[in-house]
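Asks: Here's my sequence, what's the structure:
(one chain, ligands or ions: 1)
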Amino acid sequence: MMVDVVKDATSGFDKIVLREPQGSSAQVQLFGGQVTSWKNERGEELLFLSSKAIYKPPKAVRGGIPICFPQFGGLGSLEQHGFARNRLWQVVESSAPLPTIVNDGSAVTPIVSNKAIVELMLTPTEEDMKIWPHNFELRLRVALGSSGDLTMTVKVKNVDTRPFNFTFALHTYLSVADITEVRVEGLETLDYLDNLKDGERLTEQGDAITFDNEIDRIYLGTPTKIAVIDHEKKRTFVLRKDGLPDAVVWNPWERKSKAMTDFGDDEYKFMLCVEAAAVEKAIVVKPGEEWTGRQELSAVSSSYFSGQLDPRKVVHGSSKAHLPQNQTSIISRFSLRLFAAMTLMCSSRNPNIKKS
Ligand SMILES: O=P(O)(O)OC[C@H]1O[C@@H](O)[C@H](O)[C@@H](O)[C@@H]1O
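Replies: Predicted structure coming up:
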């Protein structure tokens, strides 16, 4: 396992490169704490990064995995998606010794692990405190496993004297071969807020999500596993998440692509954002408490995973073949709601928030 610091030739900022012996790798920029590359053992890039991406603050790089904190989208008074993606982060821990040039000479704590790991931290500047007057420590741990899986663990600690709340997303841009051949499983039958209809609350009716137009939706209270099946590449991305109840699905399609200066006109064909998020209900953290959210991404051959995440199969443990479509979806919708209600009854407080 290797962890290195390299100066990014395009941005001029340092980035951390994680490598594991089978050949997979990942890159995390200190600017934005943003993962900008995740490659499998064959060296294929799994994340989308625009050829027109601009590496100059104050705009986040278009692609990879920007961090949206302390505000998702325009849901508040801050800049779109919050300021964390436009700040310079510090390295605090690493599973390999790093040169002292990182952090201007301040020490990086070693982590003992068989994974390649780096942990970055962001704390507010005086200027940040003027626009969001809450003292916090935001930590992002990025770990590359031996099978090439990429785990991102985020912690937000309240080091202030008053509670604060925030919304959050890991804005993952997945690379796909052809968006019209992509299918997302795991979000069917759920309610979502449609950003293209002024945030109207609707219910997903389809068997799976497929794409033939612009999409910008916040799916609410989703299962912890979502599969993105890229038929042309015969590849399935599996996203597992914890502490991040919602999932945003975004593709700008043709018209909006043309309007974005840091995005190629045709690039919408080759990307899909599936974002593990906490949007509908803001996360509240009291003084001294710490919230944890986590996402694990893996990329597997489609033949291995296809269909396994169909909620009908998860709920009933069998195929839907012998039941008519409307009957299965009524049953699964009822079962999912019952399950969600039972989960709510059993957890009176957020299990992802701990006292330190
Ligand atoms: O251009 P930005 O600020 O990176 O945002 C991109 C998109 O991010 C998505 O998460 C939002 O749902 C979209 O509404 C938004 O357009």
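
Asks: okay, residue 251: pLDDT?
Replies: The per-residue pLDDT reported for residue 251 equals 99.

Asks: What's the separation between it and residue 3?
Replies: Going from residue 251 to residue 3 by Cβ to Cβ, to the nearest Å gives 33 Å. Where C-beta positions appear, they are placed from N, C-alpha and C, glycine not excepted.

Asks: When these two are compared, which one has more neighbours?
Replies: Neighbour totals were compared for residue 251 and residue 3, and residue 3 leads with 23 against 20 (other Cβ atoms under 10 Å).

Asks: ok, that one touching residue 118?
Replies: Yes - under the criterion of Cβ atoms under 8 Å, residue 3 is in contact with residue 118, at a separation of 5.7 Å.

Asks: The nearest residue to residue 245 once chain neighbours are set aside: what secondary structure?
Replies: Across the structure, with Cβ to Cβ, 6 or more residues apart in numbering as the measure, the residue nearest residue 245 apart from its sequence neighbours is residue 221 (5.2 Å). Secondary structure, DSSP: H, G, I helix; E, B strand; the rest coil: residue 221 is coil.

Asks: What residues does residue 221 make contact with?
Replies: Neighbouring residues of residue 221 by Cβ atoms under 8 Å, 6 or more residues apart in numbering: 190, 191, 245, 246, 280, 340.

Asks: pretty sure residue 196 belongs to a strand, no?
Replies: No - applying three-state DSSP, one finds residue 196 to be helix, outside a strand.

Asks: what helix or strand is the residue nearest to it when sequence neighbours are not counted on?
Replies: On the basis of Cβ to Cβ, 6+ apart, the spatially nearest residue to residue 196 that is not a chain neighbour turns out to be residue 216, at 5.3 Å. For residue 216, the host element (DSSP states H and E) is strand 215-219.

Asks: Keeping just the C-alphas, turn the helix or strand following that strand into PDB.
Replies: Counting by DSSP H and E, the next helix or strand C-terminal to strand 215-219 is strand 225-230. As requested, the backbone C-alpha atoms of strand 225-230 are provided in PDB (Å, rounded to 0.1, in the frame of the first residue of the first chain):
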ATOM      1  CA  LYS A 225     -27.300  -0.100  -1.200                       C
ATOM      2  CA  ILE A 226     -27.800   1.400  -4.600                       C
ATOM      3  CA  ALA A 227     -26.600  -0.200  -7.900                       C
ATOM      4  CA  VAL A 228     -25.700   1.700 -11.000                       C
ATOM      5  CA  ILE A 229     -25.600  -0.800 -13.900                       C
ATOM      6  CA  ASP A 230     -23.600   0.300 -17.000                       C
END
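
Asks: Parallel or antiparallel, list what pairs with strand 225-230.
Replies: When sheet partners are counted by DSSP bridges, strand 225-230 sits next to strand 182-185 (antiparallel), strand 235-242 (antiparallel).

Asks: so what's residue 171 up against?
Replies: Applying Cβ under 8 Å, 6+ apart to residue 171 gives the contacts 65, 66, 67, 68, 81, 85, 248, 273, 275.

Asks: need the contact list for the closest residue to the third one other than its chain neighbours.
Replies: In space, and not counting its chain neighbours, residue 67 is closest to residue 84: 4.9 Å by Cβ to Cβ, 6+ apart. Residue 84 sits next to 32, 33, 67, 68, 69, 70, 122, 138 when contact means Cβ under 8 Å, 6+ apart.

Asks: near the ligand, from those residues?
Replies: Intersecting those with the contacts of the ligand gives an empty set (criterion: Cβ under 6 Å from any ligand atom).

Asks: from these, which is closest to the ligand?
Replies: The nearest member of those to the ligand, counting by Cβ to the nearest ligand atom, is residue 68 at 7.1 Å.

Asks: Is the closest one bridged to anything, and to what?
Replies: Per DSSP bridges, the residues bridged to residue 68 are residue 169.

Asks: what's the neighbour count on it?
Replies: For residue 68, which is what you asked about, the neighbour count (other Cβ under 10 Å) is 26.

Asks: shouldn't it be in contact with residue 169?
Replies: Yes - counting by Cβ under 8 Å, a contact exists between residue 68 and residue 169, whose distance comes to 4.0 Å.

Asks: low-confidence ranges in the protein?
Replies: Across the chain, the stretches falling below the confidence threshold (pLDDT under 70) are 100-105, 303-348.

Asks: Quick one: name the residues of it near the ligand.
Replies: Close to the ligand, as judged by Cβ under 6 Å from any ligand atom, the chain has residues 60, 73, 80, 81, 171, 195, 216, 248, 250, 275.

Asks: Name the residue of the stretch 251-356 of the chain that lies nearest to the ligand.
Replies: Going by Cβ to the nearest ligand atom, the ligand is nearest to residue 275 of the stretch 251-356 of the chain, at 5.6 Å.

Asks: thought that residue was touching residue 170?
Replies: Yes - counting by Cβ under 8 Å, residue 275 sits close enough to residue 170 to count as a contact (6.2 Å).

Asks: and for those two, which residues touch both?
Replies: When contacts are counted by Cβ under 8 Å, 6+ apart, the set common to residue 275 and residue 170 consists of residue 68.
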